Structure formats: structure tokens, C-alpha cells
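# kindly generate the corresponding structure for this input.
(chains A and B)
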Protein chains: 2
Amino acid sequence: MNYPHNRISTTRPGDDEAGIEVTQAFERFVQRDDIFTRAMWDDTVRNKKSDAFFASYRIEAAPRRGDGFGTRDFALRNASWLVSDMVTNRHVAEGRREGFQATISYDTPVAQEKLEIDDPAAMAGEIKRVAKFFGADLCGITEIDERWLYASSVDVRDMSEAPLGLPEGLNSVIVLGHEMDEELVATYPSALAGAATGREYSHEAAIVMQVAAYIRNLGYEAVSSMNDTGLVIPYALKAGLGEYARNQLVITPQFGPRLRFSKIFTNLPLTHDMAKPLGVRAFCDICTKCADACPVNALPYGPPEVGGANRSAIKGVRKWTSDAEKCFSFWAAQASDCAICMRVCPFNRDFRRLRHRLWLKLALSRFRRFALWLDRNRGKRVKPSQWWKRAVS
Amino acid sequence: MNYPHNRISTTRPGDDEAGIEVTQAFERFVQRDDIFTRAMWDDTVRNKKSDAFFASYRIEAAPRRGDGFGTRDFALRNASWLVSDMVTNRHVAEGRREGFQATISYDTPVAQEKLEIDDPAAMAGEIKRVAKFFGADLCGITEIDERWLYASSVDVRDMSEAPLGLPEGLNSVIVLGHEMDEELVATYPSALAGAATGREYSHEAAIVMQVAAYIRNLGYEAVSSMNDTGLVIPYALKAGLGEYARNQLVITPQFGPRLRFSKIFTNLPLTHDMAKPLGVRAFCDICTKCADACPVNALPYGPPEVGGANRSAIKGVRKWTSDAEKCFSFWAAQASDCAICMRVCPFNRDFRRLRHRLWLKLALSRFRRFALWLDRNRGKRVKPSQWWKRAVS
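Next comes the predicted model:
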């Protein structure tokens, strides 16, 4: 199969504001190189532990070993994935692991009658309202930038490359943010904390499908997407939802890094949001809490660089890049996902609270060193058993 | 097929506290007599309008006719049902319309290893915490009372009776409450308001499946159920979630009548909640706002009575009973569900707010007439277009 767009190296308007720096070495990312897909076919990643990691999402194969990794912890984590799993597994027999290695198939068709849209700005406001109605915590809209579409998708029958299969003529990406549970994130690393991840995957599966169905009901194409089809981070940056950080996460003014993103590709006429630089880059320049806390040293020190440690890093983009092989090796060792880098991030706060909003102002100002000092005792791990104790009181 | 338990007429402890009065004329309800199932097979209910009602849940068959019934309104309503529809349709080919005429099939098995439960009270607290984690707004637990199980379920291939198919040895029902959107409920009758209904069906489908998966992961049976298998209202009353009202709804101290209920049948060791009489009965005795507002006079005046207008009413229970045929005829005429009786109910308030909590104290005291007078200007319909205007501002 031929993927003619595998090499495109142009910059685009708004890159600077979004903190995106693409070099001549840029290549679109081939999805079968992502670390999770490699764990299926690449013997330099796949091993007994990585197989056991995936198997642990069935309770009978989950290893028990103390606080945070007991029966209840795995039981809750695995249950939290249920809706996502249901969506993901519907078309696996045809090679489509939807939401991860393929877009989510349409449950309802595009209505034959097209609603006339004379005000794309009003329509953008409407979509944001509808997204929030269905439970999205954040919503931004940007153009489809093909640099961030994968060069190819994955057929999970043999882990070969497959076409993305997006309809022709789409032009916008609606990016949705889904807050992760603060109390559970505080318990990373633990299988319990993984319930915060699974619950948001289940939420996002439901929400992208409902918002997309709404758009299709108006007569427009709308393709629901989770981790498949493209890199959501640059879209989230371009859609003005936040700024990229050393820990590989998008820092938002609402929840800091404590959220997941999903997306919908559409041709509904919509005005686009603008990237909003906040000042996170300057803060990350003086803060290495995430890199210091990473048990396998998968996170970078120093300034952003082009490229990364292995084929799971995108080529030709200057950014902070993790070593995905090291990162995933820790997930496999734990038999659960890890986000210590999210837990310890000074921006991991609930900015609905005034005192955290005041701290945010400080952190994004020239007093950032003082803000970092104020954060010195935060981000400590809460024992998973504490969460359960509160449950039964 | 033989359903030996079709006639059982005993009272049970706690009936009085729950406001449940069962007479010797009691018969378990046969699900094919519910008004929605009758609309599939009974020519006294089924007609062009009822067929058009069901068809309208596909956007191309939704009739457009002005404010609240435009393209956007039907588009949102129909999209809101998506997750529920996905669950419901998975096994229709085998006659199981899950969540409505059959229980929801297990996506994950009961774990072979059973977690030892030495404290059923602590376990009940844990389940309530887990239910809230997955998004339930209320959770109560009671015994399985076979009076409220249907005498038989429905095979939707030919609308014949089918066995309930619950596993042996279950003893508890976990009842979950799901708050409906206050702003949308204020727009009843409208297709837009139906999005509040559909969204909660989608929520409840996801939540009962996740909570049940959690329990099965602990090694116990747990069957997810929405409208299928049994009457949820008496279980909600026995589980202490609220008190029955003239409008056929359960009044809760959190959201009044503005919520839906789902349930999980299980053998997990759990202590049971007690019914909590609030004083709603005395209020409904002096209030007929719901009956006055019903456009087809489907709601009763006067005190609770035994029996009802037609076969869709349960036999031998003294209660306020609607005329389901009249009620559904209005749904069919509107091509959307109606809950005017929920909108106009004086208890339709958000009791998280202090002033509404003060009103509630009054309404449940001997000053109930004063509370009713204070309510005289509430419950008016908000124009659906108002909701959309706020969407785009």
C-alpha cells in the first residue's frame, strides 16, 4: 500500500502560538510504531510482562500484590473500561480495534437532509454546549492539520498498516477534554488509579459517539475518534485548550494535566479557536518534578529537542519527548498504566478553586520560582487503601 | 410455558414504611402488557401514530413542526439515546431487547475466585461509593422481592412471553438514581426535553454495566437491568430513595421526581436500606398540579385506588395509577416522550440549594398548604428555543 503523504514538512499559521516547531526532518507518524501497537508485533517491546499487562485487564489474570494492586483495585479498574471495551471490540474481527487503532464506525447514518448553517461561529458555540451536555469537560475546535493525522492506521488482524479511512472533505477537528478523578490520580502508581483512566475512556467513547451522532443528524459527516487516526495533543494545543509540558501532557487552565482528550473529525461549518500560550513552557524550563519522579527515567531534562530515543517518537518535531519504551516497560512491570508524571505536576490542581487560580497566576508570571517553591510539598502519593477506607465509612 | 409464580399475594415487612399496599387481588405484572410492548402487538394501542413515534428516533423519520420539535431538537434527542441503543440492540436477533425487555448480557464473567466479604454493611458502603464513582446520583439497596419481578419477560421476535432468566440465589437489588437535566425538563413537552431522557438512559446503561462488572470481578453474580425484569419503583421505595407520588414518580429529597432509576440484581452480601417515609403522600393529597396539567387526563384525582384503567396497570396494588393508554397516546401524538407531570411537580427542585431545602421542610410539614401556595408560579414551560439561544451565546 502506498502512503504518499508520509513526508510533508511545512509549518502552518498558528504553530508559534501553539508552541509547535516542525523541522525539515518531519515525517507523519505511522501508528504501528506507537508503543502499545509495537507491544503486539515488535519483539524488542513485546515480552512476558507486556503480555501479562494486557491480560491483567481480565480479572482472572490480574496479579495481586498489596496496597493498590488488590482484588478490589483491579476489579474497579477493569470494570471502568467496560464501555470503552464494548466499543473497541465491536469490529475487531474485521481488523478494526475502534477507538485505538481505527475510527469508531457510524451507528447512525448522515441524515440526507442537510441543515443550513449560516453562522459557523454560532454553530461552534452550539457544538460546545452539546458536548458539555453529553459530559465533555472541555471543548475546542481547530482545522484538520494533516501533519497530525497518522500516515497509516493498523489492521489488528496482522498489525499491518491500514488506511485511515476518513471521508473526503472533512476540515475541522472538535477536541474534547475529559477530567480524570483527582482522588484516584493521587494514588498513582496503582491499579486503583487506572480506574481514573478507564472511566474517562468509557466516558469519551460515549461522548464522542453522541456528539458525532448529533452532527450526523444535522446532515454532516462526523467521525468519532479516541486514540486512533491522529495525535490529539497538537490538535488540543491548536484548539486553544492548553499548553504542552515536559511531562508530555497538555496543561489546561481548568485541570492542569489531569485530563484525557478525544476528538471528532467533521465537515460541519465551524469557526476555529486560536491557540492560547499561557506561559507553561517557561515554568517547565525551571521545573523537573515529573522527570525526577519517573521511576524509569523516561522523561527528558533540558530544553525541547528534535526526535526521540526510538521509533515510537515522532520525527522532526522539537518538543519534550519521553522514551516510550522505558515508560511502557514500567506499565508492564506494574500490570497497570502509570501517570506519576501527572500526579506530581505542580499544575495538577482543581482550578475551580480560588487559591489554585491564584497559584496559577503566580506560576505563569515571572514569580514562577516562588510558585514552584510553594508547590514543594504537594503531589505526594496517597495510599490506595485510603481511598477505599473513605468508601466504606 | 408455565409461570407458577404469577399469583402471589402476601404482604412483606417494610411495606407500610414504603407506602406499599398489596391486596389479595395482586398479580405479578406480565411485561408484554406494558404500554410500550403493547404498542408492538396490541391493535388497541398500536396505530400509525405509535409506529411513527418509534420511527421518529431515526432522524429521517422525525416530524418537524416548530419550537421544540425542529431538526436540532430531534437531532439532540436521538443522539442522546446512542449508548442505550447500542446496548439494547446487541442481542435483538436472539429476541433479547436488553435493558427494556431483557436483562443486559454479561460482557465479563463472574470471577472464579470469590472475595470473602465479612462485613456486608461495609460492602454496601463500598458499592455506593463505586456507583457514585461511575456516575450514579443516588444508590440504595434492598432485598429482591419477587412481587416486583415481572411474571414473564418478552421475546421481541414475536412479542411472546419469555423467562426472566435471572441466575439462582440472588437476594439483593441495588437501585441507582440518575438525575435528569433540569433545564431540559423545563421544556416538556418537546423533542428537546426527550434528550434529558435519552441521556440518562445512556448513562444508566453504562453505569449499571460498570457497577455489575465490578461485582462480578469480586466473584459474585450481578445482573444489570434498566426497564426490564421488574418494576423499579417499589424497589426504589424499599431502598429508601424516596416516596411515591400522584404523578407516578418517586419523590427524592435530592431531585424531587426529576430522575430515572436503574437496578442491579446480585448475590453480593450487602446490608439493606430501610424505606424512609417523608410526608409526600400528605402533600399529594392536597396537590393535583400533575393531574391538572396532563393534556390527556391520564393522571388520577382523589386517593390511591386498587387497580387501573386497563391491562397496563398492575393488579391488586393500592396506589395512584395513571391510564397508560391515554399517557402513551400523547407520546405518540407528539412523537416524543412527555413528562409534563415531572416538570410541574412542586418537588421538581434542586435540593442542593438551601432555599429549596427550606421549602421542602415546609412541604413535608403541616404547613404543606403554604408550601403549595408558594409554588403557585413555578413549573411553567420554558420555550425550547430559549435553551438553544443560551447554547450559542
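# give me the three-state assignment for residue A:17.
Here residue A:17 is helix, with the state taken from DSSP: H, G, I helix; E, B strand; the rest coil.
# isn't it right up against residue A:274?
Yes: using C-beta atoms under 8 Å, residue A:17 makes contact with residue A:274 at a distance of 6.7 Å. Every C-beta, even on glycine, is put in place using the N, C-alpha and C of the backbone.
# looking at these two, which is more packed in?
Applying other C-beta atoms under 10 Å in any protein chain shown to residue A:17 and residue A:274 shows that residue A:17 carries more neighbours, namely 15 against 12.
# quick one: residues contacting the more buried one.
Residues in contact with residue A:17 (C-beta atoms under 8 Å, 6 or more residues apart in numbering or on different chains) are A:274-277.
# what helix or strand does the closest residue to residue A:241 other than its chain neighbours sit in?
Excluding the flanking residues, the one nearest residue A:241 by C-beta to C-beta, 6 or more residues apart in numbering or on different chains is residue A:140, at 4.5 Å. Assigned by DSSP states H and E, residue A:140 falls within strand A:138-143.
# for that strand, packing partners?
The helices and strands touching strand A:138-143, judged by 3 or more C-beta pairs under 8 Å, 6 or more residues apart in numbering or on different chains; DSSP states H and E, are helix A:120-133, strand A:172-179, helix A:232-238.
# out of those, nearest to chain B?
Nearest to chain B, of all those, is helix A:120-133, at 3.7 Å by C-beta to the nearest C-beta.
# buried sites along that closest one?
Within helix A:120-133, the residues that count as buried by 16 or more other C-beta atoms under 10 Å in any protein chain shown are A:122-133.
# and the residue of the stretch 151-300 of chain A found nearest chain B, how far is that from residue B:65?
Nearest residue of the stretch 151-300 of chain A to chain B, counting by C-beta to the nearest C-beta: residue A:217, 3.4 Å away. Note on residue A:217: its distance to residue B:65, by C-beta to C-beta, to the nearest Å, is 17 Å.
# of these two, which one has the most company?
Using other C-beta under 10 Å as the criterion, residue A:217 and residue B:65 rank with residue A:217 on top: 27 against 11.
# was I right about that one contacting residue B:74?
Yes: in terms of C-beta under 8 Å, residue A:217 counts as a neighbour of residue B:74; the distance is 7.1 Å.
# quick one on the thing from earlier: I'd like the helices and strands packed on strand A:138-143 as a markdown table, with mean pLDDT and distance to chain B appended.
Converted to a markdown table, the helices and strands packed on strand A:138-143 look like this (pLDDT from 0 to 100; distance: least, C-beta to the nearest C-beta, whole Å):
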| stretch | mean pLDDT | distance to chain B |
| --- | --- | --- |
| helix A:120-133 | 97 | 4 |
| strand A:172-179 | 98 | 12 |
| helix A:232-238 | 98 | 21 |
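# between the ones you listed, which one is closest to residue A:156.
Closest to residue A:156 of the helices and strands packed on strand A:138-143, according to C-beta to C-beta: helix A:232-238, at 20.0 Å.
# what's the closest one packed up against?
For helix A:232-238, the elements it packs on are helix A:15-18, strand A:138-143, strand A:172-179, strand A:243-244, strand A:250-251, strand A:259-266, judged by 3+ C-beta pairs under 8 Å, 6+ apart.
# could you single out the most deeply buried of those?
Greatest average neighbour count among the helices and strands packed on helix A:232-238 goes to strand A:250-251 (a mean of 28), per mean count of other C-beta atoms under 10 Å in any protein chain shown.
# other residues contacting it?
Here strand A:250-251 makes contact (C-beta under 8 Å, 6+ apart) with A:233, A:236-237, A:241-245, A:257, A:259, A:261, A:278, A:280, A:345, A:347.
# ok, 6 Å please
Here strand A:250-251 makes contact (C-beta atoms under 6 Å, 6 or more residues apart in numbering or on different chains) with A:233, A:236, A:242-243, A:245, A:257, A:280, A:347.
# mean confidence (pLDDT) on the longest helix along chain A, please.
With DSSP state H setting the assignment, residue counts place helix A:194-217 as the longest helix in chain A. Per-residue pLDDT over helix A:194-217 has a mean of 98.
# export that helix as PDB, just CAs?
Taking Å, rounded to 0.1, in the frame of the first residue of the first chain, the C-alpha atoms of helix A:194-217 are listed here in PDB:
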ATOM      1  CA  GLY A 194      -6.100   3.000  36.500                       C
ATOM      2  CA  ALA A 195      -9.800   3.300  37.200                       C
ATOM      3  CA  ALA A 196      -9.500   7.000  36.600                       C
ATOM      4  CA  THR A 197      -8.100   6.200  33.200                       C
ATOM      5  CA  GLY A 198     -10.600   3.600  32.300                       C
ATOM      6  CA  ARG A 199     -13.600   5.600  33.400                       C
ATOM      7  CA  GLU A 200     -12.600   8.500  31.200                       C
ATOM      8  CA  TYR A 201     -12.000   6.200  28.200                       C
ATOM      9  CA  SER A 202     -15.500   4.900  28.800                       C
ATOM     10  CA  HIS A 203     -16.800   8.500  29.100                       C
ATOM     11  CA  GLU A 204     -15.000   9.600  26.000                       C
ATOM     12  CA  ALA A 205     -16.300   6.700  23.900                       C
ATOM     13  CA  ALA A 206     -19.800   7.500  24.800                       C
ATOM     14  CA  ILE A 207     -19.400  11.300  24.400                       C
ATOM     15  CA  VAL A 208     -17.700  11.300  21.000                       C
ATOM     16  CA  MET A 209     -20.300   8.900  19.700                       C
ATOM     17  CA  GLN A 210     -23.200  11.000  20.900                       C
ATOM     18  CA  VAL A 211     -21.700  14.400  19.700                       C
ATOM     19  CA  ALA A 212     -20.900  12.800  16.400                       C
ATOM     20  CA  ALA A 213     -24.400  11.300  16.100                       C
ATOM     21  CA  TYR A 214     -25.800  14.800  16.800                       C
ATOM     22  CA  ILE A 215     -23.800  16.300  13.900                       C
ATOM     23  CA  ARG A 216     -24.700  13.400  11.500                       C
ATOM     24  CA  ASN A 217     -28.300  14.000  12.400                       C
END
